[in-house]
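Asks: Build me a structure from this.
(one chain, ligands or ions: 1)
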Amino acid sequence: MGILEGKRILVTGVLTDASIAFSVAKIAQEEGAQVVLTGFGRLSLVERIAKRLPQPAPVLELDVQNTDHLDTLASRVGEHVDGLDGVVHSIGFAPQTALGGNFLNTTWEDVATALHISTYSYKSLAVACLPLMKEGGSVVGLDFDASKAWPVYDWMGVAKAGLESANRYLARDLGKQGIRVNLVAAGPLRTMAAKSIPGFKEFEDSWPEKAPLGWDLADTAPAARACVALMSDWFPATTGEIVHVDGGVHAIGA
Ligand SMILES: NC(=O)c1ccc[n+]([C@@H]2O[C@H](COP(=O)([O-])OP(=O)(O)OC[C@H]3O[C@@H](n4cnc5c(N)ncnc54)[C@H](O)[C@@H]3O)[C@@H](O)[C@H]2O)c1
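Replies: The predicted structure follows:
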């Protein structure tokens, strides 16, 4: 018996098989879950990647900036599963001008895009899924430790600080409905999102050295396993929490 046996899980954010979301979907299926995916933009690519999962998973279109997509999400997901026990938010984006050391010059329009897609959408996605979570459940998002200012991460760091706060407010407001809301703060991983950050190499060079447990930049499984654990019945009284899956870097002085 897997730890997600009988659970119905919505996983957003699969783009390539290096995506953290791909690993979450794979491990969730291995642990017994029925998985529905959402993809953004290149749906045929996401469908092709989905075929590499242990079992077939339907792929639905979701652009978190599109209110029609959000308004119809529950009914579209409802065509495949009769409810949801878990929802994974694995979505992030910031325009190039908002990253890479240009913090003082980024326009509000570009910051707004980063916040809309990377922060506000955590709330939008959770609320869009509420009609399917009548019996409670678990919402999990992907974070990058926002307690400090990092090199090059810039406005994405601000977006993640907002995500951490939104996590606490969602936990406050959804607790009465039996819904737990938690983040997994992963260390740097070589995904498409990471490759689009100019200067990401700075993290790549220093993280494995700083981490007490070491850190494999190509292994999304540790972060994915934490997401799966948080959606299981093994964290029944945990909400508003940030679980660091970073080899221990957050705990260590520079
Ligand atoms: N890679 C890392 O180093 C790292 C570390 C910690 C946290 N994270 C977070 O993990 C999450 C997943 O990123 P990843 O690293 O797996 O990269 P990824 O590029 O594989 O995934 C990012 C996803 O965001 C989706 N997306 C972008 N704009 C969207 C929109 N408007 N609507 C819906 N989806 C949209 C993309 O389609 C993609 O699937 C992000 O929140 C990211 O910030 C990544």
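
Asks: Pull up the residues of this protein that are close to the ligand.
Replies: 13-16, 19-21, 40, 62-65, 90-93, 117, 142-144, 186, 188-189, 191-194 (CB under 6 Å from any ligand atom). The way it works is simple: take the backbone N, C-alpha and C, and place the C-beta from them, glycine included.

Asks: Swap in 5 Å and give it another go.
Replies: 13, 15, 19-20, 40, 63-65, 90-93, 117, 142, 144, 186, 188-189, 191-194 (CB under 5 Å from any ligand atom).

Asks: Just the buried subset of the residues you listed, please.
Replies: Buried subset of those (neighbour count, 16 or more other CB atoms under 10 Å): 13, 15, 19-20, 40, 63-64, 90-93, 117, 142, 144, 186, 188-189, 191, 193-194.

Asks: can you give me the helices in the stretch 51-200 of the chain?
Replies: In the stretch 51-200 of the chain, the segments counted as helices under DSSP state H, counting those that start in this stretch are 67-71, 73-78, 108-115, 121-129, 154-174, 192-195.

Asks: now these in JSON lines, with mean pLDDT?
Replies: Shown next, in JSON lines, are the helices of the stretch 51-200 of the chain (pLDDT from 0 to 100):
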{"stretch": "helix 67-71", "mean pLDDT": "98"}
{"stretch": "helix 73-78", "mean pLDDT": "98"}
{"stretch": "helix 108-115", "mean pLDDT": "98"}
{"stretch": "helix 121-129", "mean pLDDT": "99"}
{"stretch": "helix 154-174", "mean pLDDT": "98"}
{"stretch": "helix 192-195", "mean pLDDT": "93"}
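
Asks: Pipe these into a markdown table and attach distance to residue 210 per row.
Replies: Output for the helices of the stretch 51-200 of the chain, formatted as a markdown table (distance: least, CB to CB, whole Å):
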| stretch | distance to residue 210 |
| --- | --- |
| helix 67-71 | 39 |
| helix 73-78 | 39 |
| helix 108-115 | 26 |
| helix 121-129 | 28 |
| helix 154-174 | 18 |
| helix 192-195 | 17 |
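
Asks: I'd like to know which of those is closest to residue 137.
Replies: helix 121-129 (8.3 Å; CB to CB).

Asks: What are the buried residues along the closest one?
Replies: With burial defined by 16+ other CB under 10 Å, the residues of helix 121-129 counted as buried are 121-126, 128-129.

Asks: and of the residues you listed, the nearest to the ligand?
Replies: Nearest to the ligand among the buried residues of helix 121-129: residue 121, at 6.7 Å, using CB to the nearest ligand atom.

Asks: Put the alpha carbons of stretch 173-186 into CSV.
Replies: Taking C-alpha atoms only, stretch 173-186 is exported to CSV below (Å, rounded to 0.1, in the frame of the first residue of the first chain):
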residue,chain,number,x,y,z
ASP,A,173,-8.7,30.6,5.9
LEU,A,174,-8.9,27.0,4.7
GLY,A,175,-8.2,25.2,8.0
LYS,A,176,-12.0,25.2,8.9
GLN,A,177,-12.6,23.2,5.8
GLY,A,178,-10.1,20.6,6.8
ILE,A,179,-7.6,21.8,4.1
ARG,A,180,-3.9,21.9,5.0
VAL,A,181,-1.7,24.4,3.1
ASN,A,182,2.1,23.9,3.1
LEU,A,183,5.2,24.8,1.1
VAL,A,184,8.3,22.8,0.2
ALA,A,185,11.3,25.1,0.0
ALA,A,186,13.6,23.3,-2.4
